[in-house]
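**Student:** heads up, no residue letters with this:
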Ligand SMILES: NC(=O)N[C@@H](CC(=O)O)C(=O)O
Ligand SMILES: [Zn+2]
Ligand SMILES: [Zn+2]
């Protein structure tokens, strides 16, 4: 007898869909599993205005498989020059659901990011006023701060002052990777929540060096020590509405990953809910998966929960060694290996 679980259709609250042919290559994986996704704006050039977000949304809808009811939820990329007027327009549009803060230089395509939060006061006040959440890639970029400490130091230097200054702003601490972040979010007021990726629930930093350097396990924020992974599992399976699903699936061509200076990002959308089922099962907490994957995200974003369902069965399947990707290949997480849950 196979074990199955049926849950309300999940949403992905942190996703990179890219653009053009890459978008067409990856979108079906997400659309098959998730009802909606918060689509990250770090294109080249970045999605900095509602007009750009509207055009990008149309390209996503065009690329959807026929009959799909997947709904892209758009975001704007915060820059030093984002104005209160830009935020008012975003709110009015009804299609923009968050504004993403990338500290300049912190991650893939973040060179237009914020150099100093002091430059963003008017935009942040407008977001507070209009109820648009700020989504934060929470890492400092100082050369003297160890790469494994970048998230912890961001909390002290940036997150605490930000929340102090804008007490009505809703903030998503994106892709948390440390016990420090999990503890911080758990004790913070209800306007602060966090997304958690499947890969940070399933792997610690040893996965980057298992028998040799493993570029497909390199992402940002980088994988951390086992004690941090355990803290993330505890937070995600706690039943707290402050922690919800965000895959941070971030496709890069194989040639850009397997390189002298390889790109950061893991592709996980091909098993976007299945990998979480593995992590929750390992923690003995499958009963907590639906809240994390399907309820707490829409509740935080003030959107209705999905009404249809997905069913997962406990059945091992083999992940292809690579997937077609534009003129290249895409190496998904677990390539050539197996995943213990399958989407029915
Ligand atoms: N997560 C990653 O390692 N990479 C993301 C950017 C990001 O989310 O920081 C990407 O766009 O490739
Ligand atoms: Zn990020
Ligand atoms: Zn991301």
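**Tutor:** Nice, thanks for sending it over. The structure displayed is predicted, hence computed values, not measured ones. Ligands and ions are numbered 1, 2, ... in the order given.
**Student:** Can you report the mean pLDDT over the residues of stretch 267-278?
**Tutor:** Stretch 267-278 shows a mean pLDDT of 98.
**Student:** same thing with stretch 242-257?
**Tutor:** Averaged over stretch 242-257, pLDDT sits at 98.
**Student:** could you measure residue 196 against residue 4, distance?
**Tutor:** Computed as C-beta to C-beta, to the nearest Å, the residue 196 to residue 4 distance reads 24 Å. All C-beta atoms are positioned from the backbone trio N, CA, C, and that covers glycine.
**Student:** and if you look at residue 33?
**Tutor:** For residue 33, the distance to residue 4 - C-beta to C-beta - is 15 Å.
**Student:** wouldn't residue 221 be in contact with residue 174 here?
**Tutor:** No: judged on C-beta atoms under 8 Å, residue 221 makes no contact with residue 174 at a distance of 9.2 Å.
**Student:** joint contacts of the two?
**Tutor:** Contact criterion C-beta atoms under 8 Å, 6 or more residues apart in numbering; residues shared by residue 221 and residue 174: residue 138.
**Student:** Have a look at this protein and report its longest strand.
**Tutor:** Determined from DSSP state E, the single longest strand within the chain is strand 309-318.
**Student:** what's the following helix or strand after it?
**Tutor:** Note on strand 309-318: by DSSP states H and E, the next helix or strand toward the C-terminus is strand 323-325.
**Student:** Mean confidence (pLDDT) on the longest strand of the chain, please.
**Tutor:** 98.
**Student:** that older thread, out of residue 196 and residue 4, which sits in the busier spot?
**Tutor:** When residue 196 is set against residue 4 and neighbours are counted by other C-beta atoms under 10 Å, the residue ahead is residue 196, at 31 against 13.
**Student:** residues in contact with the closest residue to that one other than its chain neighbours?
**Tutor:** For residue 196, ignoring the flanking residues on the chain, the nearest one in space by C-beta to C-beta, 6 or more residues apart in numbering is residue 236 at 4.8 Å. Neighbouring residues of residue 236 by C-beta under 8 Å, 6+ apart: 196, 201, 243, 279, 280, 288, 292.
**Student:** Next up, the contacts around the nearest residue to the fifth one once chain neighbours are set aside.
**Tutor:** Okay, so that is residue 280. Ranked by C-beta to C-beta, 6+ apart and with sequence neighbours excluded, the top spatial neighbour of residue 280 is residue 289, at 4.6 Å. Neighbour list for residue 289: 5, 7, 276, 277, 280 [criterion: C-beta under 8 Å, 6+ apart].
**Student:** Helix or strand next in line after the helix or strand hosting the first one, which one?
**Tutor:** Right, the one you point to is residue 5. For residue 5, the host element (DSSP H and E) is strand 4-8. Counting by DSSP H and E, the next helix or strand C-terminal to strand 4-8 is strand 12-15.
**Student:** what's that next one packed up against?
**Tutor:** Helices and strands touching strand 12-15, by 3 or more C-beta pairs under 8 Å, 6 or more residues apart in numbering; DSSP states H and E, are helix 20-33, strand 36-39, strand 243-245.
**Student:** one more time with 10 Å, if that's ok
**Tutor:** Here strand 12-15 touches helix 20-33, strand 36-39, strand 71-77, strand 96-101, strand 192-196, strand 243-245, helix 296-301, going by 3 or more C-beta pairs under 10 Å, 6 or more residues apart in numbering; DSSP states H and E.
**Student:** Could you list the paired strands of the second one along with their orientation?
**Tutor:** If you go by DSSP bridges, strand 36-39 pairs up with strand 12-15 (parallel), strand 71-77 (parallel).
**Student:** wait, does the last one make contact with ligand 2?
**Tutor:** No: when contact is scored as C-beta under 5 Å from the ion, no part of strand 71-77 falls within range of ligand 2; the minimum is 11.7 Å.
**Student:** what is the mean pLDDT for that strand?
**Tutor:** The average pLDDT within strand 71-77 is 98.
**Student:** follow-up on the earlier one: how about the helices and strands packed on strand 12-15, which one is nearest residue 256?
**Tutor:** Residue 256 lies closest to helix 20-33 among the helices and strands packed on strand 12-15, at 11.0 Å (C-beta to C-beta).
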